[in-house]
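A.B. asks: Give me a 3D structure for the following:
(2 chains)
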Amino acid sequence: QKEVEQNSGPLSVPEGAIASLNCTYSDRGSQSFFWYRQYSGKSPELIMSIYSNGDKEDGRFTAQLNKASQYVSLLIRDSQPSDSATYLCAVKEPRSNDYKLSFGAGTTVTVRA
Amino acid sequence: GAVVSQHPSWVICKSGTSVKIECRSLDFQATTMFWYRQFPKQSLMLMATSNEGSKATYEQGVEKDKFLINHASLTLSTLTVTSAHPEDSSFYICSARPGFGNQPQHFGDGTRLSIL
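C.D. replies: Numbering: from 1, shown residues only, chains lettered A, B, ... in the order given. Predicted structure coming up:
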């Protein structure tokens, strides 16, 4: 079983709709979770971090964490063509003193104008 | 804040050449830096973790003599691909994080390496 799994996509949504991205992780001791956005040919860019159960909102992005279910999600509201990218879920390895991250394979989102 | 600069952006060179890539944290001190490689349509693959003033920790399957990492200061780490061959062509990305609290990794812009 992979440490971090994401819905494989690609995910195609119409402009203005909500894009929902899911991520599960295998290590119950994980405490820190991140969503990165990666445009084609570019490096990842941090868009959200979440550490506590519940929702965290930042602009059009909402991250949701449920540690009991080992599940973290990202919602993109009012999706725009500029949101078209690959979204990477990352989980800090709980026993890493160096703050190593385990990454999911990514979900590619395409927002249709 | 938390800006990471990576240089060069693109490198094209002949087989057998050694290539050095620099990663700098511009507005914070990075106790730890990470080096990743990414092939087309694939996710990030961690190559090594670099701590200032000590030897890098390489992931399984990554040749430490092939990929030399130096982290001589709190703001600079370098990756040298020695005697590069076409199969080393890839997108190399560094990341860094401030050495305190729950700070996430911040990525440089990456270096696209093409070996002819």
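
A.B. asks: Might you enumerate the residues of chain B proximal to chain A?
C.D. replies: In this structure, chain B approaches chain A at residues B:6, B:32, B:34, B:42-44, B:46, B:49, B:51, B:57, B:93, B:97, B:102-110, judged by CB under 8 Å from any CB of the partner chain. For glycine as for every other residue, the C-beta is placed from the backbone atoms N, C-alpha and C.

A.B. asks: and the helix or strand hosting residue A:34, what other elements does it pack with?
C.D. replies: The secondary structure element spanning residue A:34 is strand A:33-38 (assigned by DSSP states H and E). Strand A:33-38 sits against strand A:19-25, strand A:45-50, strand A:61-66, strand A:85-92, with contacts defined as 3 or more CB pairs under 8 Å, 6 or more residues apart in numbering or on different chains; DSSP states H and E.

A.B. asks: hmm, which of the residues of chain B next to chain A are the buried ones?
C.D. replies: Buried members of these, scored by 16 or more other CB atoms under 10 Å in any protein chain shown, are B:6, B:32, B:34, B:43-44, B:46, B:49, B:51, B:57, B:93, B:97, B:103-108, B:110.

A.B. asks: tell me the residue furthest from the middle of chain B?
C.D. replies: Among the C-alpha atoms of chain B, the one most distant from their mean position (CA atoms, centre = their mean) is that of residue B:101, at 22.8 Å.

A.B. asks: Strands of chain B, residue ranges please.
C.D. replies: Across chain B, reading from the start of the chain, the strands by DSSP state E fall at B:4-7, B:10-13, B:19-25, B:30-38, B:45-51, B:57-58, B:67-73, B:76-81, B:90-98, B:106-107, B:111-115.

A.B. asks: For those, could you give me JSON lines that also reports mean pLDDT?
C.D. replies: As requested, the strands of chain B are arranged in JSON lines below (pLDDT from 0 to 100):
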{"stretch": "strand B:4-7", "mean pLDDT": "95"}
{"stretch": "strand B:10-13", "mean pLDDT": "96"}
{"stretch": "strand B:19-25", "mean pLDDT": "96"}
{"stretch": "strand B:30-38", "mean pLDDT": "93"}
{"stretch": "strand B:45-51", "mean pLDDT": "93"}
{"stretch": "strand B:57-58", "mean pLDDT": "94"}
{"stretch": "strand B:67-73", "mean pLDDT": "91"}
{"stretch": "strand B:76-81", "mean pLDDT": "96"}
{"stretch": "strand B:90-98", "mean pLDDT": "94"}
{"stretch": "strand B:106-107", "mean pLDDT": "94"}
{"stretch": "strand B:111-115", "mean pLDDT": "96"}
